[in-house]
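Student: Sequence unavailable; structure follows:
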């Protein structure tokens, strides 16, 4: 009988030794980003270049660069747009004063504000009209926060996370409501609300959740996969709030490391040392082609086919802004939002349109 100590060990199975890729779904473009990007594309088709865009249409370097190559000119302020020209307002929304500036310059304006951001603007106006103090949870200086605050500057106080709660001062603690930037960390926002409610027990909630469905779904997918990941790669730009949040969520929920990259070539080979499982996702303003490049990079380094981690299905779409739909119809052009940068809802892609 053979001594147990001399029995050869069975080789590890391919499954045990394979380097895995977990691919989050949904990821990438949300309906609001899709609408904003197509708005600029259609404006260029309709009116010809240049078309001016106030601020980045969405926070993604690749998208902005691609639209610049087609004739879009991005400016920081309205007064940089020549009188009478066409200007698109970004998905993040603008304050009423920006519309006034545009009228003064006789600009043709196309408002590509995400409808979910517009909803928050309307809530701010309504609560200001009823003389509430509005506690806006968000990041100081973010374009969305600037736009929302401009709707009711005398009634809105910015609360930049849980640690800012102690600084809040209100006129009447029985007439206080909270609203939020749409692209925040769900968990951090709820912690901020919890602390606010400790100070102001009669704090009112918004009529419906302000954090957008896409932000929540992308964070949920990351939460489901993070503990299995040695490394989480989030495709997105550094000025994209929701992309930055995805890295934070991954680390908070068990990923051993996490990095934000705009392009596959930004991945440091050293990050892959000793890594057996990589998670991949992308922010809500990221075209799918950039994710495919990351997957190709990993494949070339011995990682297997991506395994989808599906947290939700998305089918929401938004119509293009009224101004551009009207002009497209008059020109006999289609207002269909068809392009190759659709949001991903399964292991490969599931176009919104």
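Tutor: Cool, the structure landed. The structure presented is a predicted model; accordingly, all values stated were derived computationally and were not measured.
Student: Name the next helix or strand following whichever strand or helix holds residue 22 along the chain.
Tutor: Taking DSSP states H and E as the definition, residue 22 sits inside strand 19-25. Heading C-terminal from strand 19-25, the first helix or strand you meet, by DSSP H and E, is helix 31-47.
Student: quick one: buried residues of that following helix?
Tutor: Neighbour-count burial for helix 31-47 flags 31-44, 46-47 (criterion: 16 or more other Cβ atoms under 10 Å). Where you see a C-beta, it was placed from the backbone N, CA and C, and this is true even at glycine.
Student: List just the nearest of the residues you listed to residue 222.
Tutor: Comparing these against residue 222 with Cβ to Cβ places residue 33 closest, at 18.0 Å.
Student: okay, that closest one: pLDDT?
Tutor: For residue 33, the pLDDT comes out at 98.
Student: Kindly report the same for residue 7.
Tutor: At residue 7, the pLDDT recorded in the model is 36.
Student: Then residue 309 would be within a helix, right?
Tutor: No: counting by DSSP: H, G, I helix; E, B strand; the rest coil, residue 309 is not part of a helix but strand.
Student: Quick one: residues contacting the closest residue to it other than its chain neighbours.
Tutor: Leaving aside its chain neighbours, residue 309 sits nearest to residue 225 (4.4 Å; criterion: Cβ to Cβ, 6 or more residues apart in numbering). Listed by Cβ atoms under 8 Å, 6 or more residues apart in numbering, the contact set of residue 225 reads 22, 24, 232, 279, 309.
Student: and with 7 Å instead?
Tutor: Contacts for residue 225 were tallied using Cβ atoms under 7 Å, 6 or more residues apart in numbering; they are 22, 24, 279, 309.
Student: which of those residues are buried?
Tutor: 22, 24, 279, 309.
Student: where does the third one land in three-state SS?
Tutor: Spelled out, that is residue 279. strand.
Student: Can you check what pLDDT the model gives it?
Tutor: pLDDT for residue 279: 98.
Student: Quick check, it in contact with residue 25.
Tutor: No: applying Cβ atoms under 7 Å, one finds residue 279 not in contact with residue 25, separated by 11.7 Å.
Student: Give the residues shared as contacts by those two.
Tutor: Residues touching both residue 279 and residue 25 by Cβ under 7 Å, 6+ apart: none at all.
Student: related to what we said a few turns ago, with distance to residue 197 as extra columns, can I get the contacts of residue 225 in a markdown table?
Tutor: Shown next, in a markdown table, are the contacts of residue 225 (distance: Cβ to Cβ, whole Å):
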| residue | distance to residue 197 |
| --- | --- |
| 22 | 36 |
| 24 | 32 |
| 279 | 34 |
| 309 | 33 |
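Student: And those residues, which is closest to residue 118?
Tutor: Proximity of the contacts of residue 225 to residue 118 (Cβ to Cβ) peaks at residue 24, which lies at 27.5 Å.
Student: For that closest one, give the beta-bridge partners.
Tutor: Taking DSSP bridges as the rule, residue 24 bridges to residue 309.
Student: Could you number the chain from 4 rather than 1 from now on?
Tutor: Yes, from this point I'll number from 4; that puts the last item at residue 27.
Student: Find the helix or strand that the closest residue to residue 61 other than its chain neighbours is a member of.
Tutor: Closest residue in space to residue 61, ignoring its immediate chain neighbours: residue 288 at 3.9 Å, by Cβ to Cβ, 6+ apart. Element membership of residue 288, judged by DSSP H and E, is empty: it is in no helix or strand.
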